[in-house]
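Visitor: This is a predicted model, with the sequence first.
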Amino acid sequence: MSSTFVKTTPRVEAIALTSDPKISIGIGEKGSLVIYGLGRFPVSLYPDQYDRLTKAEVIEETKLFIMEHEGQFGERKQAVTKSDRIELMPLTPENTTLLDGHISKLKAAGDHDGALKYNTIKQLAARQGGKLGVDDLMEVYQLKAKQ
């Protein structure tokens, strides 16, 4: 049996949660809930999986299991991110406006992947206090140079 994946555009771009701005959620290309910010890779769940996982009795059993096996879990090592290794530089309001305009143009042209890329850079700056690493800032400067 052969299945072919037909790529669709993201249905909802990831937005930061107000309760925890380091976590953002959206709807991915295949229609799953995508959660960013828990670790190095995003977590994807379909709504029925989320419903099963968040039932009160499942949560209670999971918490009980964690308590019963407390000493057996490994320690989660905090990942060293690219932004931890490099100096962050401010994203100016002018460059934020440039990003917004470019995102709008890409969406209007139907390039949702491109719009998602630049929206992700913008959200990263928001999470890092209005600052970006050199690589991401270079993306913005390349946009500026093309104008």
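Guide: The structure has been received and is ready for your questions. Numbering: from 1, shown residues only.

Visitor: Would you mind listing where this protein has pLDDT under the threshold?
Guide: 1-10, 77-86 (pLDDT under 70).

Visitor: Show me the helices in it, by range?
Guide: 47-53, 56-68, 82-85, 93-108, 112-127, 134-146 (DSSP state H).

Visitor: right, so of those, which gets closest to residue 24?
Guide: Comparing these against residue 24 with Cβ to Cβ, the closest turns out to be helix 112-127 (6.7 Å). In this view, the C-beta of every residue, glycine as well, is placed from N, C-alpha and C.

Visitor: how big is the angle separating that closest one from helix 134-146?
Guide: For helix 112-127 against helix 134-146, the angle by axes from the mean of the first three to the mean of the last three Cα atoms, to 10 degrees is 120 degrees.

Visitor: I figured residue 53 hits residue 45, correct?
Guide: Yes - the pair residue 53 and residue 45 passes the contact test of Cβ atoms under 8 Å, sitting 7.0 Å apart.

Visitor: Contacts for stretch 61-80, please.
Guide: Contacts to stretch 61-80, defined as Cβ atoms under 8 Å, 6 or more residues apart in numbering, come from residues 39-40.

Visitor: Put the alpha carbons of it into CSV.
Guide: What follows is stretch 61-80, C-alpha atoms only, in CSV (Å, rounded to 0.1, in the frame of the first residue of the first chain):
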residue,chain,number,x,y,z
GLU,A,61,-3.2,8.4,36.5
THR,A,62,-0.2,10.0,34.8
LYS,A,63,0.5,12.2,37.8
LEU,A,64,0.2,9.1,40.1
PHE,A,65,2.6,7.2,37.9
ILE,A,66,5.1,10.1,38.0
MET,A,67,4.9,10.3,41.8
GLU,A,68,5.3,6.5,42.2
HIS,A,69,8.4,6.4,39.9
GLU,A,70,9.8,9.8,41.0
GLY,A,71,13.4,8.6,41.5
GLN,A,72,13.5,6.7,38.2
PHE,A,73,13.2,9.6,35.7
GLY,A,74,16.2,11.1,34.1
GLU,A,75,17.0,14.7,34.5
ARG,A,76,16.1,16.8,31.5
LYS,A,77,19.1,18.7,30.3
GLN,A,78,18.5,22.2,29.2
ALA,A,79,19.3,22.5,25.6
VAL,A,80,21.8,25.1,24.6
